[in-house]
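model this:
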Amino acid sequence: MNHRKSFFAKDNFITGVLLKTTALFCVVIMLFVSMPITAGATDSTKQQLENAKKAKEQTQGQLEDTKDDIAEMNEEKSSLQGQLNNLNSQLTEVSNNLESLEEQIGDKETEIENTLAELEAARNIEEEQYASMKKRIQFMYEKQNNMMLGMFFGANNFADFLNKNNYIEQLSAYDRKMFNEYVETRQLIEEKEAVLEQEREQLEDYKVKEQAEQSRVSGLVNQTSGSIKQYANDISDAEAKAQALEDQIKAQEADIKKLEAKLAEEMRMSRLAKNSTWRNISEVTFAEGDRYLLANLIYCEAGSEPYDGMLAVGAVVINRVLSSVYPDTVVGVIYQNKQFSPASSGRLALALADGKATAACYQAADEAMKGYSNVGNCVYFRTPVPGLSGINIGGHVFY
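Predicted coordinates:
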């Protein structure tokens, strides 16, 4: 390196020749590397764009599946709603039947009460009739002989005696008739009472059955309502998932648009870099502090890389300074928006504050600022990704 310096200093003519030769060599390199540079500058973004589109397709598939699930759950919910409406109708019918039965039971109970009252009255009559007949029978039994003697001796004639005897027989027949009628009435009342009691038991039993049916229908209504509620919750969750997927798709579409814009910009920058004019390193005037700034950027980007990797990073910065496409100062290139991540993340500021650059970083910065490049006219570098071609040095690919 010192030999080269002294050589440049001793002979201006030779220096001019070497500079022209170097410039010609750079042009030749650009001719050979121009196609890989364009491809390399866009392959990364193309790969990212392809991945983004695939991710969107997957999300779209998930969204379609979720929408199908929602449609199926809505159909099931509608079916359950129809069942619920039918069950509600059945429940209403059962309730109406129960109400009618309760009215009938009330009527029957009233009839039973009336029958019981009639029975009670009949029993009172029975007691009175029984007492009367008992008295008459007792009278007739005790006085029968006297009556017969009186009738026999008191009769004016035999015809009168027969008439009196016939009267007594009619009285006895009447008593027997009244008693038999009472017994028949009492039996009819008791039979009616038994029938009414049986009917009431039947009605009560039917009422219990109807109430059990009502409970069963109510249970089905509750169960169906619970299922509908569960489906409603599931549908709500699925709709929320679908909304999240739709939002995700929108975000992915936005990312795709950004990547498409970035790809277009990189392709434009590649074409511009290919067709732009390049200054000679001798035309660049470095400001005080450029060496310190460049060495610390090299430390942040390639501090753990081999020396060739450090030099390559420095060469990319200087290549941009030489290209008319980028800012023409080291400061402008390094702090250009969204170009070098250490500058935007604050790592470069910390390195500058602490003077982290090593001797190797300074050596690489010095060589790059003298115009030496081990990556030709490359103006990009990054960690390798599938589909990206370029010059691989250490952990970076330069393109």
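
On the secondary structure side, give me the element for the residue lying closest to Gln339 once chain neighbours are set aside.
The spatial neighbour of Gln339 that comes closest, neighbours along the chain excluded (Cβ to Cβ, 6 or more residues apart in numbering), is Val333 at 7.4 Å. All C-beta spots, glycine's among them, are computed from the backbone N, C-alpha and C. Per DSSP states H and E: Val333 is located in helix 330-334.

Likewise for Glu72?
Per DSSP H and E: Glu72 is located in helix 12-154.

And the helix or strand following that helix, what does it pack against?
The first helix or strand that comes after helix 12-154 along the chain, using DSSP H and E, is helix 158-275. Helix 158-275 sits against helix 12-154, with contacts defined as 3 or more Cβ pairs under 8 Å, 6 or more residues apart in numbering; DSSP states H and E.

do you know how far the most centrally placed residue in the chain is from Leu293?
Most central in the chain under Cα atoms, centre = their mean is Asp237, positioned 1.6 Å from the mean C-alpha point. For Asp237, the distance to Leu293 (Cβ to Cβ, to the nearest Å) stands at 55 Å.

And the pLDDT for Cys300?
With respect to pLDDT, Cys300 scores 95.

isn't it right next to Asp354, touching?
No. Between Cys300 and Asp354 there is no contact under Cβ atoms under 8 Å: 11.5 Å.

more neighbours, the two?
More neighbours surround Cys300 than the other of Cys300 and Asp354, with 22 against 9 (other Cβ atoms under 10 Å).

and the more buried one, what does it touch?
By Cβ atoms under 8 Å, 6 or more residues apart in numbering, the contact set of Cys300 is Pro342, Arg347, Leu348, Ala351, Lys356.

with those in mind, which one is nearest to Val208?
Taking Cβ to Cβ as the measure, Val208 sits nearest to Arg347 out of those, at 84.6 Å.

The closest one - nearest residue in space that isn't next to it in sequence?
That would be Cys300: by Cβ to Cβ, 6+ apart, it lies 5.1 Å from Arg347.

what's the helix or strand for the one you found?
Element membership for Cys300, per DSSP H and E: helix 290-302.

average model confidence for the next helix or strand after that helix?
Once helix 290-302 ends, the next helix or strand along the chain (criterion: DSSP H and E) is helix 307-322. Helix 307-322 shows a mean pLDDT of 94.

the inter-axis angle of helix 307-322 versus helix 158-275?
Interaxial angle of helix 307-322 relative to helix 158-275 (axes from the mean of the first three to the mean of the last three Cα atoms, to 10 degrees): 80 degrees.

Give the buried residues for helix 307-322.
307, 309-322 (16 or more other Cβ atoms under 10 Å).

That one - contacts with which helices or strands?
So helix 307-322, by 3+ Cβ pairs under 8 Å, 6+ apart, packs with helix 290-302, helix 330-334, helix 359-369, strand 381-382, strand 391-393, strand 396-398.

among these, which is nearest Asn280?
Smallest distance to Asn280 across the helices and strands packed on helix 307-322 (Cβ to Cβ): 13.2 Å, for helix 359-369.
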